[in-house]
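S.K.: I'll drop the sequence and a predicted model, then ask my questions.
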Amino acid sequence: MEVFYSYEGRGPLRLMDPEESAHCVRVMRHRRGDEVLLIDGLGTMYRCILEDDNPKGASARIEEEFPGWGGHPYRLTVACAPTKNNDRFEWFVEKAVEIGVDRIVPVIGERSERKVYKSDRARRIALSAAKQSLKSLIPDISDPVAVRDFIASMVESTSSETPLKLIACCFEGEVPRKGIREALEGFEGSEVVVMIGPEGDFSEEEAHAAVLAGFIPVHLGPSRLRTETAAVYSVAVIYAVNCK
């Protein structure tokens, strides 16, 4: 199944940017009158008829809409520290999108080996992964923020729902850690936030600040996991618990 990304709608038409247009027309050889499937990146898939097969700016007429196509019954934010090796973090982004995630926030901690991260390439990877895994939602990839700033933003959030907030760390603090599955048991809301630290883990001060902000400390089992593995594992567990 071929899926293309449409960045904008104008009345009954969906528009494709030059890159998607070239892929649709030149690579996949679609022509005017062909049926094509488009996603808007916001959670809706459209069955369309190609109206204009210009490889620099194709457009398609909407025939049918499918809201929530390829979605999941919860909203998940993963705040993960970028790894020293960029490829590992990008691997996490790709796999998280394939499984199911709504927002990824690169967070820079006191022990982070990578202090600077540019999100543009991760956004392109998220788009490709969404199309490949047949999802109509392209997760938001935020610009990087400091761990403490992200924690503060969770306190200041104006969301109507109180999310389940989890912080995965490798040490016991003032609040004993729970297994991530245990922490998820009985939660009846739809919004989950998970924080994953850098290679050197969160500092005790960062973990303390998170606990004060309502985060529950969790562990991911007895194995020591790399940052990107821990992040993907968390996404997969939440998916498995909520998509039975």
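M.R.: In hand now; what should we look at? Numbers count the residues shown, from 1 in each chain.
S.K.: can you pull out the strands in the chain?
M.R.: 4-5, 8-10, 13-15, 35-39, 44-52, 59-67, 75-80, 103-108, 140-141, 145-146, 164-168, 178-179, 191-196, 216-219 (DSSP state E).
S.K.: what does the longest helix along the chain contact?
M.R.: Looking only at the chain and at elements set by DSSP state H, the helix with the highest residue count is helix 227-242. Helix 227-242 is contacted by residues 72-74, 76, 78, 80-81, 83, 88-89, 91-92, 95-96, 99-101, 166, 168, 180-181, 184, 192, 194, 196-199, 220, 225 when judged by CB atoms under 8 Å, 6 or more residues apart in numbering. The C-beta positions use only the backbone N, C-alpha and C, and glycine is treated the same way.
S.K.: got the CA positions of that helix in PDB?
M.R.: Presented in PDB, the C-alpha positions along helix 227-242 are these (Å, rounded to 0.1, in the frame of the first residue of the first chain):
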ATOM      1  CA  THR A 227      19.100   4.900  26.200                       C
ATOM      2  CA  GLU A 228      17.500   4.300  22.800                       C
ATOM      3  CA  THR A 229      16.600   0.700  23.800                       C
ATOM      4  CA  ALA A 230      14.900   1.900  27.000                       C
ATOM      5  CA  ALA A 231      12.900   4.400  25.100                       C
ATOM      6  CA  VAL A 232      11.700   1.900  22.500                       C
ATOM      7  CA  TYR A 233      10.900  -0.600  25.200                       C
ATOM      8  CA  SER A 234       8.800   1.900  27.000                       C
ATOM      9  CA  VAL A 235       6.800   2.700  23.900                       C
ATOM     10  CA  ALA A 236       6.300  -1.000  23.100                       C
ATOM     11  CA  VAL A 237       5.100  -1.800  26.700                       C
ATOM     12  CA  ILE A 238       2.600   1.100  26.700                       C
ATOM     13  CA  TYR A 239       1.300  -0.100  23.300                       C
ATOM     14  CA  ALA A 240       1.000  -3.700  24.400                       C
ATOM     15  CA  VAL A 241      -0.900  -2.800  27.600                       C
ATOM     16  CA  ASN A 242      -3.300  -0.500  25.800                       C
END
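S.K.: pLDDT weak spots in the protein?
M.R.: Counting by pLDDT under 70, the chain contains low-confidence ranges at 157-160, 244.
S.K.: other residues contacting stretch 90-101?
M.R.: Stretch 90-101 is contacted from outside by 71-72, 76-78, 80, 104, 121-122, 125-126, 128-130, 132-133, 135, 138-139, 141, 227-228, 231-232, 235-236, 238-239, 243, using CB under 8 Å, 6+ apart.
S.K.: great, nothing more from me.
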